[in-house]
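Participant: need a structure here:
(2 chains)
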Amino acid sequence: MSFSVTEPSHGQKWFAGILVVGYALITLLPLLWIVATGFKSGPDSIAYPPKIAFEPTVEGYVNLFTTQTRLSNEAKAEPVDDLPWYEQLVRERGNTIVGTSRYSERFFNSIIIGFGSTFFAIVLGTAAAYAFSRFKVPLKDDLLFFILSTRMMPPIAVAIPIFLMFRNLGLSDTHAGMILLYTAVNLSLSVWLINGFIDEIPIEYEEAALIDGYTRFQAFYKVVLPQAATGIASTAIFCLIFAWNEYAFAVLLTSGTAQTAPPFIPTIIGVGGQDWPAVAAGATIFLVPVMVFTILLRKHLLRGITFGAVRK
Amino acid sequence: MAEIVLENVTKRFGDEVALDNVSLTIPDGSFVVLLGPTGAGKTTTLRMISGLDEPDSGDVFIDGHSILGQTPAQRNVAMVFQQYSLYPHLTVRQNLEFPLKSPLLQTPQAEINEKVKAVSEVLQIAHKLDNKATALSGGEMQRVSIGRALVRSPNIYLMDEPLSSLDAKLRADLRIELKRIQANSGQTLLYVTHDQIEAMTMATHIGVLDNGKLVQFGSPREVYENPVSIYSASRLGQPRINILPADLFEGDCPKHAKSIGLRPEQINQGKGEDAYVTRVEHLGDQTRLHLKFKEHDLITVTDAHTPLQYGEVVKIQPKEPFFFDEDGARIV
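Facilitator: Alright, predicted model coming up:
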């Protein structure tokens, strides 16, 4: 659907194109840099001037997923046959793989905590938003403002009380604790955003469904939810991006079992010198889930507003 | 199929009284039309019966059982909304199937297909069944909305100006179809409209609502020929009834009469006092005559091929007129 009455002129199209390409370059270049660094060798990654053309290697990725130790000179001289490719790669630098790193574990924690908190933020947020939108809630405006006010300071401002609270409740360094925390932070966002989307859906649809023989919940499920899907999907992306990228609380509250990827990635650099390719590889893999999630929901985001069949 | 009774129903929205102590019996199998301007309480009456709103006081019965507190689904009523309210994420077919697939009805698919087919043909939307509900014109949406009610056999059909967005031809077609469907099935139907032709042609009973009060209830003829007030008399009749000071014409005038009400057929032409033609409207099958009579304007109907022209004189005389008192209530 076109929004302008007249077709843009040739010059306007060029101007718009240049703007978009310029913006894309600014946002994409750092990303390309990280992805490229992940495939560079150690010396290439710190070469100056930076190498645009380089020989790609997966060394960084191997380093990311393994822990290594230096081979003694005797062991180096010893010929070994049938080594897997990654061991050969490591041996070229005089190292040997002694085990897997904790990256995949941290990555998996991020998945559980990120998607878990998004799920709860969306489910609870949708329920609350529906209630705010459709029922007579006493002190509705005050409650909504109160919910929003939890966002008015940076979450880290309450870090110390939360740290103490979590310690006393035994929630420190647990998946449940982190899911609870991120859900709490995201809820205000999801309630407000989804409330806006549900307000846009005329109540007549539900009334029609009630008359058509459905219960209130069925009407919500069959009529409201499909129409709010666009808004809920975009809210879910916002929630996931926050929970996925959150660093400060993750550093503060997790260390062993429930540590997510963001606090872990910087620690990769410490193993055997400055291993930028491994860091870049960790960051690249870390990007993938949010990207996939966004692309999967893109259909809903782009579907746009459904022009209602309700006469205004 | 059922008899619906409203008993002393009052409903307020904030300070506004939408329905004021309304008692109304909708006989089983009747076609009741509610007349009244916007804000008279027509739609509110429908919502009281459907269960979308509960009365503040009073009671509503279906076949003698009070239905207060029941959900709309439990009441088993079908409603055509003024705003159509088609589900925008569904196709026309899915919209029509929606009530049949509800937990209330759970119709087998074969029967659903049959009913959807029959209804879509009656409403002339069969060719649009696989369109999205949003990809329809206003008139088509309105027909789908009627169809969504007609696929069911509820206790009562509630229709809120269901033909308002249709073009004249379709409106005439559907008026006849709706009446035929209702008469054949013996269903009870409560219908809200502004259109007096719809009211006169379809209704078995007409209810006139004024500011939340039911002021008259009876057959279309009764309401037309025997209105209880100026308000009631103005609801029906095209052109509208002329209301003039009671003593304007020569002849008897009952005591306390404040105004005289003259429908076109209550004005005898050719006898009586002089009136001047101010305007002649040829409508084809009839001609409307705008007259000036003793500084008062009135409108009547005359022969379709009248030679009368602006400024000419017509003699007029009331014939069995209505008289109303100060409050607009009918005296004679």
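
Participant: secondary structure class for B:Thr278?
Facilitator: strand (DSSP: H, G, I helix; E, B strand; the rest coil).

Participant: can you pull the contacts of it?
Facilitator: When contacts are counted by CB atoms under 8 Å, 6 or more residues apart in numbering or on different chains, B:Thr278 touches B:290-292, B:297, B:310. To be clear about C-beta, it is placed using only N, CA and C from the backbone, and glycine gets the same treatment.

Participant: Buried residues, stretch A:221-239. List them.
Facilitator: Buried residues in stretch A:221-239, defined by neighbour count with 16 or more other CB atoms under 10 Å in any protein chain shown: A:222-225, A:227-237, A:239.

Participant: hmm, I was thinking of stretch B:311-326
Facilitator: B:314, B:316-318, B:321-325.

Participant: can you tell me the distance between the two ends of that stretch?
Facilitator: 33 Å (CA to CA, to the nearest Å).

Participant: For chain B, what is the nearest residue in the stretch 201-312 of chain A?
Facilitator: A:Gly213 (3.0 Å; CB to the nearest CB).

Participant: and that residue, which of the three is it?
Facilitator: State at A:Gly213, reduced to three classes by three-state DSSP: coil.

Participant: Okay, and B:Ala78 sits in which element?
Facilitator: Assigned by DSSP states H and E, B:Ala78 falls within strand B:77-80.

Participant: what does the helix or strand just after that strand rub up against?
Facilitator: Per DSSP H and E, strand B:77-80 leads on to helix B:92-97 as the next helix or strand towards the C-terminus. With CB under 8 Å, 6+ apart as the test, helix B:92-97 has contacts from B:86-87, B:112, B:116, B:119-120, B:125, B:128-133, B:136, B:144, B:147-148, B:151.

Participant: now helix B:92-97, how far from the chain's geometric center?
Facilitator: With CA atoms, centre = their mean, to the nearest Å as the basis, helix B:92-97 stands 27 Å off its chain's centre.

Participant: right, and the helix or strand after it?
Facilitator: Next along the chain from helix B:92-97, counting by DSSP H and E, comes helix B:109-122.

Participant: so how far is stretch B:275-288 from its chain's centroid?
Facilitator: The answer for stretch B:275-288 is 27 Å, by CA atoms, centre = their mean.

Participant: can you pull the buried residues of that stretch?
Facilitator: B:275, B:277, B:280, B:286-288.

Participant: now the residues you listed in JSON lines, with pLDDT and distance to B:Arg240?
Facilitator: Formatted as JSON lines, the buried residues of stretch B:275-288 follow (pLDDT from 0 to 100; distance: CB to CB, whole Å):
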{"residue": "B:Ala275", "pLDDT": "90", "distance to B:Arg240": "17"}
{"residue": "B:Val277", "pLDDT": "91", "distance to B:Arg240": "19"}
{"residue": "B:Val280", "pLDDT": "91", "distance to B:Arg240": "18"}
{"residue": "B:Gln286", "pLDDT": "87", "distance to B:Arg240": "15"}
{"residue": "B:Thr287", "pLDDT": "90", "distance to B:Arg240": "16"}
{"residue": "B:Arg288", "pLDDT": "92", "distance to B:Arg240": "11"}
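
Participant: which of the residues you listed sit farthest apart?
Facilitator: The span of the buried residues of stretch B:275-288, defined through CB to CB, is set by B:Ala275 and B:Gln286 at 18.2 Å.

Participant: Where do the domain boundaries of the chain fall?
Facilitator: I went with chain A, as the question did not name one. A:12-45, A:59-101, A:104-303 (automatic domain parsing).

Participant: Wait, chain B was what I had in mind.
Facilitator: For chain B, automatic domain parsing gives the domain ranges B:4-234, B:242-324.

Participant: Need the winner for burial among those domains.
Facilitator: Mean neighbour count (mean count of other CB atoms under 10 Å in any protein chain shown) peaks for domain B:4-234 among the domains of chain B, with a mean of 19.

Participant: Show the end-to-end separation of that domain, please.
Facilitator: With CA to CA, one end of domain B:4-234 sits 27 Å from the other.

Participant: Within range of chain A, give me the residues from the stretch 151-300 of chain B.
Facilitator: B:Ser165 (CB under 8 Å from any CB of the partner chain).

Participant: what would the buried residues of stretch B:311-326 look like in a markdown table with distance to B:Ile67 and pLDDT?
Facilitator: Below are the buried residues of stretch B:311-326 laid out as a markdown table (distance: CB to CB, whole Å; pLDDT from 0 to 100):
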| residue | distance to B:Ile67 | pLDDT |
| --- | --- | --- |
| B:Val314 | 56 | 89 |
| B:Ile316 | 52 | 90 |
| B:Gln317 | 53 | 87 |
| B:Pro318 | 48 | 89 |
| B:Pro321 | 44 | 88 |
| B:Phe322 | 39 | 91 |
| B:Phe323 | 42 | 90 |
| B:Phe324 | 38 | 90 |
| B:Asp325 | 39 | 89 |
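
Participant: what's the average pLDDT for stretch B:49-57?
Facilitator: Stretch B:49-57 shows a mean pLDDT of 92.

Participant: now do the same end-to-end measure for that stretch.
Facilitator: Across stretch B:49-57, first to last residue, CA to CA, it's 13 Å.

Participant: Is B:Ile26 bridged to anything, and to what?
Facilitator: Beta-bridge pairing of B:Ile26 under DSSP bridges involves B:Ile4.

Participant: How far does the helix-or-strand element of chain A with minimal mean pLDDT sit from its chain's centre?
Facilitator: Here the helix or strand of chain A ranked lowest by mean pLDDT, DSSP states H and E is helix A:73-77, holding a mean of 76. How far helix A:73-77 lies from its chain's middle: 45 Å, per CA atoms, centre = their mean.

Participant: C-terminal to it, what's the next element?
Facilitator: Per DSSP H and E, the helix or strand that comes after helix A:73-77 is helix A:85-91.

Participant: ok, and for that next one, which residues are buried?
Facilitator: For helix A:85-91, the neighbour count (16+ other CB under 10 Å) marks A:86-87, A:89-91 as buried.

Participant: Are there helices or strands packed against it, and which ones?
Facilitator: helix A:59-65, strand A:66-70, strand A:95-100 (3 or more CB pairs under 8 Å, 6 or more residues apart in numbering or on different chains; DSSP states H and E).

Participant: Does B:Trp270 touch B:Lys315 like I think?
Facilitator: In this structure residue B:270 is Gly, not Trp. Yes. Here B:Gly270 reaches B:Lys315: they are 5.7 Å apart, a contact under CB atoms under 8 Å.

Participant: what residues are up against the residue lying closest to B:Arg235 once chain neighbours are set aside?
Facilitator: Among residues not flanking B:Arg235 along the chain, B:Leu35 sits closest, at 4.6 Å (CB to CB, 6 or more residues apart in numbering or on different chains). By CB under 8 Å, 6+ apart, the contact set of B:Leu35 is B:42, B:193-194, B:196, B:199, B:206-209, B:235-236.

Participant: Can you check which helix is longest in the chain?
Facilitator: As the question left the chain open, I've gone with chain A. Scanning chain A for the helix with the most residues, using DSSP state H, yields helix A:103-134.

Participant: Chain B is the one I meant
Facilitator: Every helix in chain B considered (DSSP H), the longest is helix B:168-185.

Participant: For B:Leu170, see how far away B:Gly36 is.
Facilitator: 25 Å (CB to CB, to the nearest Å).

Participant: Just the pLDDT for the closest residue to B:Leu96 other than its chain neighbours.
Facilitator: Excluding the flanking residues, the one nearest B:Leu96 by CB to CB, 6+ apart is B:Val116, at 4.7 Å. Looking at B:Val116, its pLDDT stands at 93.
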